[in-house]
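S.K.: need the 3D shape of this:
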Amino acid sequence: MQNRPIPLFINPAAGRGRAARRAEPICRLLADSGVACEEIRSAAAGDIECKVFAAASAGADRIIVAGGDGSVHEAVNGILRSASQTALGVIPLGTGNDFAKACSIPLHWEDATRLLAERIRSDVPLRYIDAGRMNDRYFANGAGIGFDAKINRIARDIRLPLGDLVYLVAVFRGVWDGVITPGVRMRYDSTKYDGPVTLVEVCNGASIGGMFQIAPMARNDDGFLDLVFIQPVGRLRIFSLLPQLIKGSHISAPEVTCARVHSVSLIAEGPVPSHLDGEIQPLQTEFQIEILKHSLALL
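M.R.: Predicted structure coming up:
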């Protein structure tokens with residue numbers, strides 16, 4: 001039994017509202033497993049980040065987050081902004097759960113809760129993984145610029161209970177609206193690219209949108225980010241690439257460039273959409289992205 005309850009941050013809106021129904025069973029299962037927790041629910045976007053920052057700044061040595069990739073994104077920003085050594089435990093309750101997949105965390109909430117409780121009780125050594133920073137924000141799984149960010153925005157507006165398929169539906173809607181191909185000046189490590197792109201992904205984990213293996217070679221503890229960018233493609237080509245993106249076999253396509261990098265600098269010809277861990281960012285023209293090696297501790 002722990003001497004001090006571990007802060008348990010729950011996002012009731014995660015998984016399109018499913019997480020609200022899991023809060024009480026998670027707390028009960030943790031308690032039955034000998035892990036005392038203090039439940040803290042988020043009330044609005046950004047709430048988890050603020051509360052995690054406060055807890056980490058006050059000396060919490062570990063926290064647990066029950067939610068989706070957006071909840072993890074907020075928690076990671078709260079921890080890294082605090083410059084603390086707070087360790088993070090994750091119980092996936094979202095739609096895509098890409099971070100949980102990258103960390104080999106069980107996707108079923110009961111399995112994840114039991115495994116986390118066992119690790120805490122047994123005082124298993126912490127795992128250290130990389131994180132990334134884009135401008136003044138941190139990310140756990142990946143940063144996207146261009147078409148992918150547009151797809152994330154569309155997916156958020158779809159309220160149907162489709163699971164991972166919501167991102168596939170969003171792709172079809174996004175392609176119907178038109179494919180954006182902004183001109184960019186990009187530098188990654190010692191390499192330069194000047195020209196239009198359909199999308200740029202800087203990945204810490206292998207998957208985005210739950211089902212797309214955008215960077216199948218990515219590992220979030222190897223000290224590298226994996227850059228994947230696609231040069232301009234039309235509607236029909238996007239549709240033909242979709243099965244490859246789902247399987248992760250697109251990396252050999254002629255329009256696709258992949259590289260292991262420490263940093264990426266990108267300047268677009270005009271404001272373009274972007275996302276961090278699926279969370280839409282304000283329109284921007286300049287992006288400075290870098291790896292933060294082994295900066296995040298996992299329970």
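S.K.: okay, now Thr191: neighbour count?
M.R.: 12 (other CB atoms under 10 Å). In this view, the C-beta of every residue, glycine as well, is placed from N, C-alpha and C.
S.K.: any idea how far it lies from Asn135?
M.R.: 21 Å (CB to CB, to the nearest Å).
S.K.: before we move on, what about Gly210?
M.R.: In this view, Gly210 and Asn135 are 26 Å apart by CB to CB.
S.K.: same deal with Met217?
M.R.: With CB to CB as the criterion, Met217 and Asn135 are 25 Å apart.
S.K.: equivalent analysis for Arg114, please.
M.R.: 38 Å.
S.K.: the two: who's more crowded?
M.R.: Between Arg114 and Asn135, Arg114 has the larger neighbour count (other CB under 10 Å), namely 16 against 13.
S.K.: helix, strand, or coil at the more buried one?
M.R.: With DSSP: H, G, I helix; E, B strand; the rest coil as the basis, Arg114 sits in helix.
S.K.: isn't it up against Ser33?
M.R.: Yes: Arg114 is within contact range of Ser33, at 6.6 Å (criterion: CB atoms under 8 Å).
S.K.: which strand residues bridge Ile10?
M.R.: Arg41, Ala66 (DSSP bridges).
S.K.: neighbours of Phe9, just the number please.
M.R.: Neighbour tally, Phe9, other CB under 10 Å: 25.
S.K.: confidence score at it?
M.R.: Note on Phe9: pLDDT of 96.
S.K.: which parts of the stretch 101-250 of the chain are strands?
M.R.: Using DSSP state E, counting those that start in this stretch, the strands of the stretch 101-250 of the chain run over residues 127-134, 137-139, 142-146, 183-188, 191-196, 199-203, 225-230.
S.K.: mind listing the helices for the stretch 51-200 of the chain?
M.R.: Here the stretch 51-200 of the chain has its helices, by DSSP state H, counting those that start in this stretch, at 69-82, 98-102, 109-121, 147-157, 165-177.
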